[in-house]
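>>> Just need the structure, nothing else, for what follows:
(2 chains)
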Amino acid sequence: MRIIPNPERKEWRQLLTGEINPKLKNFFFQMKVTQSRRLVETGKKDLDEAVKDLYELAVKFSRAKYMDEDIISIFGSLEEFKTEDEVAVDNGKEKHVPEAGVQSPVKQAKEDTEKSELERMKAELLEREKRIRKKQLELEEKLAKERMRRMQMQQKERMVEETGKTDLKETGPVDKRGNITETGQIQVKKPVNTVSGGKLRKPEQSKKVLFSKTKTSKELNREVLQKKINEEKQRLERIRQQKSSQNKTKKSFFQRLFGM
Amino acid sequence: MKENILENKLYPVEQVADFIKQGYLMSLAGDERLLAQLPEGNWVAGTIPYFMDKEKNIFTQDLINVNFLGKDAEDFIIKTYDADNIETFLVDGFDNGFTFLIIPALTEVHKSFAIKAQDMENLYNNPVVGWVSGVDLNSLDIPKVFDGTKASAYENKAVAIHVKLPENMFAQLEIVNIFEQDPESPEIRFFTDNFDVVNCLIDGEEKNFAKYIKENHIDTKLPLVADYTGASINVSIKEVDDEHGIVSFYAPVFNDKIYKFAKPIRNYERAFGERLQEYAEINSQFACNCILNYLYGELEGKKTGNLSGPITFGEVAYQLLNQTFVIMTIEKL
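Predicted structure coming up:
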């Protein structure tokens, strides 16, 4: 079985948080990653748990079609994840089989050198991992602070909306399609009378754009979205009731299927 | 259970009855009147009279499509599920193997599976493959599934075979989707996970979807396509009701996905021919294609690859799909 990069590798987390977004090719992997992202984003699953699950399934299906390519697209190289057998084949020799009996002193010395070299590399790697982990912790801390800052801003904006004031100086830039700021907030614009060609135009109603092309769903204003979801559910219910009172006659499956 | 040495293809009902008596583990597809004649045994079935065979795609109510599922199986369980317990079907699966599922079209269990599947824990532990049963589109028949262990038909239940594979084997699921997102299409987002939609966001602006489709002369034979980390997943439009301003789909749209209309396909036969070339020599355990590809691509009498299987009212490859070709193979480690 091919060795899959261990679950401590940062790329697993980046894959599930969307920080990296490779185009995967294995169907199972594509679907599993999509589901894991959804579960993590909606808070139904802890990120570490999702990484563990994904890793375990990647190991289980490591021999499936396109998995090699997908691992490369996530981790950059497959070289370091080769099995002992594969390395032997690449080097043009069969897997090393230890000889019976006493080894020659030259061979023994060579092995000792290799061992100490390996030890040194191991120590280096551990050191590197520690440094990376430290960096990661720092970044996570930064991220948490940023989240806190945004939450405070959102609270402030909500208060402004509730009190009817529209001075939102602290929000980020406005999307050119509409009014979403960097934090995904809907910004209430104060209607302004504008002059065009010497004529005074009526103030334009500010258009509320819920999603911009570049925004993800987690950036949405949850309150507004929830309102929209409820409205959509009510609309659907109303139409279903109307339709069911109209559709009393028996129709063929074809008619039902194609709504005829 | 008898080992599989036979070919997946269309067989007369008498021969299928013979296979059952010999103990083969099978999934069957055929007209309800044929399936109702079969004795109890290790089989499941769904109603459908449309098939792809090695020579061509055909409509027949005289033959039954047989998929032999027992070749590598160490064990199996056959069970039925309704709308209330469909989410528990994974619990009955084995540690290593696959689950084969048949669901009757446009029923509560169909909707329930379609909506719930994507959040099911352990959905991806083993391949879940199958199809949605249907009927002759010109008849008043009703889609059904059969649990062969009781030789019973159901209109409102899904039937599953959970198959156990040996440790040195695994089941692999692939899809062939001839559609891809049209880069010119607007981005479409929906508010709820649902089969029906009134309003949606088109490039960020809230609009009535039915009205948008009419006004922009959108070809409703083309599905909406979402990107699942590289996989193109279709949702096909069933009906645009501009009187009530509602659009219905053959599978649910999800509120966390960004959809685009698909790029038009000029020749379905050629598109499938090209995409299925790499599967010409494979020994598939199961394959199916969608009735909408068959209808919109006018595929009756035409050849779409060398694979045999039902032409279905929906495909299952972990979750419910539309307008997609599904293939499952068994691989050795």
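>>> Report pLDDT for the most far-flung residue of chain B relative to its centre.
Relative to the centre of chain B, and counting by C-alpha atoms, centre = their mean, the farthest-placed residue is B:E205 at 33.3 Å. Looking at B:E205, its pLDDT stands at 95.
>>> So it versus B:P186, what's the distance?
9 Å (C-beta to C-beta, to the nearest Å). (Each C-beta comes from the backbone N, C-alpha and C, glycine too.)
>>> Now do the same contact list for the closest residue to B:F19 other than its chain neighbours.
Closest residue in space to B:F19, ignoring its immediate chain neighbours: B:M26 at 6.3 Å, by C-beta to C-beta, 6 or more residues apart in numbering or on different chains. B:M26 is in contact with B:16, B:19-20, B:42-44, B:66-70, B:148, counting by C-beta atoms under 8 Å, 6 or more residues apart in numbering or on different chains.
>>> Same list as before, the residues you listed that is, but in a markdown table and with neighbour count and pLDDT included.
A markdown table is the format used below for these (neighbours: other C-beta atoms under 10 Å in any protein chain shown; pLDDT from 0 to 100):
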| residue | neighbour count | pLDDT |
| --- | --- | --- |
| B:V16 | 27 | 97 |
| B:F19 | 23 | 96 |
| B:I20 | 19 | 97 |
| B:N42 | 21 | 97 |
| B:W43 | 27 | 98 |
| B:V44 | 27 | 98 |
| B:V66 | 25 | 96 |
| B:N67 | 24 | 95 |
| B:F68 | 20 | 95 |
| B:L69 | 26 | 94 |
| B:G70 | 18 | 92 |
| B:G148 | 23 | 97 |
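>>> Quick one: mark the members of those that sit in helices.
B:16, B:19-20 (DSSP state H).
>>> Packing partners of the helix or strand of chain B with the lowest mean pLDDT?
Sorting the helices and strands of chain B by mean pLDDT, DSSP states H and E puts helix B:268-276 at the bottom, at a mean of 88. Packing contacts for helix B:268-276, counted by 3 or more C-beta pairs under 8 Å, 6 or more residues apart in numbering or on different chains; DSSP states H and E, involve strand B:169-176, helix B:291-296, strand B:325-332.
>>> Out of those, the one nearest B:G130 is which?
strand B:325-332 (8.5 Å; C-beta to C-beta).
>>> so where's the stretch 1-150 of chain A shaky on pLDDT?
Under the criterion pLDDT under 70, the flagged ranges of the stretch 1-150 of chain A are A:1-2, A:77-113.
>>> What segments of it are helices?
A:10-17, A:27-41, A:47-60, A:67-75, A:84-90, A:105-163 (DSSP state H, counting those that start in this stretch).
>>> now, of these, which is deepest in the fold?
Among the helices of the stretch 1-150 of chain A, helix A:27-41 has the highest mean neighbour count (mean count of other C-beta atoms under 10 Å in any protein chain shown), at a mean of 23.
>>> Specify the angle between it and helix A:10-17 in degrees.
On the basis of axes from the mean of the first three to the mean of the last three C-alpha atoms, to 10 degrees, helix A:27-41 is oriented at 70 degrees to helix A:10-17.
>>> which secondary structure elements does helix A:27-41 contact?
helix A:10-17, helix A:47-60, strand B:169-176, strand B:224-228, strand B:231-235.
>>> Would you mind putting these into TSV with distance to B:G314 alongside?
Shown next, in TSV, are the helices and strands packed on helix A:27-41 (distance: least, C-beta to C-beta, whole Å):
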stretch	distance to B:G314
helix A:10-17	29
helix A:47-60	25
strand B:169-176	13
strand B:224-228	15
strand B:231-235	11
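>>> so which of these comes closest to A:K134?
So among the helices and strands packed on helix A:27-41, helix A:10-17 is nearest, using C-beta to C-beta, at 12.5 Å.
>>> Which residues does the closest one contact?
Here helix A:10-17 has contacts from A:5, A:19-20, A:22, A:33, A:36-37, A:40, A:47, A:50-51, A:54-55, A:74-75, A:132, A:136, using C-beta under 8 Å, 6+ apart.
>>> CA atoms only: put it into CSV for me.
Output in CSV follows, covering the C-alpha atoms of helix A:10-17 (Å, rounded to 0.1, in the frame of the first residue of the first chain):
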residue,chain,number,x,y,z
LYS,A,10,-0.5,21.3,7.1
GLU,A,11,-1.8,20.6,3.6
TRP,A,12,-4.6,18.4,4.9
ARG,A,13,-6.0,21.3,7.0
GLN,A,14,-5.4,23.7,4.1
LEU,A,15,-7.3,21.4,1.8
LEU,A,16,-10.3,21.2,4.1
THR,A,17,-10.4,25.0,4.9
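>>> re the thing from before, how about the residue farthest from the centre of chain B: which residues does it bridge to?
B:I202 (DSSP bridges).
>>> what's the residue nearest to B:S236 when sequence neighbours are not counted sitting at in phi/psi?
Counting by C-beta to C-beta, 6+ apart, B:N322 is the residue found nearest to B:S236 once chain neighbours are left out, at 3.9 Å. Here is the backbone geometry of B:N322 (degrees, to the nearest 10): phi -130, psi 150.
>>> my guess is B:N322 meets B:N234, correct?
Yes - at 4.7 Å, B:N322 and B:N234 qualify as touching, with contact defined as C-beta atoms under 8 Å.
>>> Now do the shared contacts for those two.
Contact criterion C-beta under 8 Å, 6+ apart; residues shared by B:N322 and B:N234: B:223, B:251.
>>> Who are the contact partners of B:G134?
A:253, B:47-48, B:50, B:105, B:143, B:291, B:312-313.
>>> State the pair within these that is farthest apart.
A:F253 and B:T312 (14.1 Å).
>>> Counting neighbours, go ahead and name the busier of those two.
Per other C-beta atoms under 10 Å in any protein chain shown, whichever of A:F253 and B:T312 has more neighbours is B:T312, with 29 against 20.
>>> Is the closest residue to that one other than its chain neighbours in a helix, a strand, or coil?
Nearest residue to B:T312 in three dimensions, chain neighbours excluded: B:W131, at 3.9 Å (C-beta to C-beta, 6+ apart). Following DSSP: H, G, I helix; E, B strand; the rest coil, B:W131 is assigned to strand.
>>> Relative to chain A, which residue of chain B is the closest?
Nearest residue of chain B to chain A: B:E239, at 3.0 Å (C-beta to the nearest C-beta).
>>> follow-up on the earlier one: quick one: which of the contacts of B:G134 sit in strands?
Taking DSSP state E, the ones among these that sit in strands are B:47, B:50, B:312.
>>> now the second one: how far from B:E300?
The span separating B:Y50 from B:E300 equals 8 Å under the rule C-beta to C-beta.
>>> Touching both of these two, which residues are there?
With C-beta under 8 Å, 6+ apart as the test, B:Y50 and B:E300 both reach B:57-59, B:294.
>>> Pipe those into a markdown table and attach secondary structure per row.
Shown next, in a markdown table, are the shared contacts of B:Y50 and B:E300 (three-state DSSP):
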| residue | secondary structure |
| --- | --- |
| B:N57 | strand |
| B:I58 | strand |
| B:F59 | strand |
| B:Y294 | helix |
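>>> Of those, grab the buried ones for PyMOL.
Buried subset of these, written as a PyMOL selection, criterion 16 or more other C-beta atoms under 10 Å in any protein chain shown:
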select buried, chain B and resi 57+58+294
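>>> of all the shared contacts of B:Y50 and B:E300, which two lie farthest apart?
So, these by C-beta to C-beta: farthest apart are B:I58 and B:Y294, at 10.1 Å.
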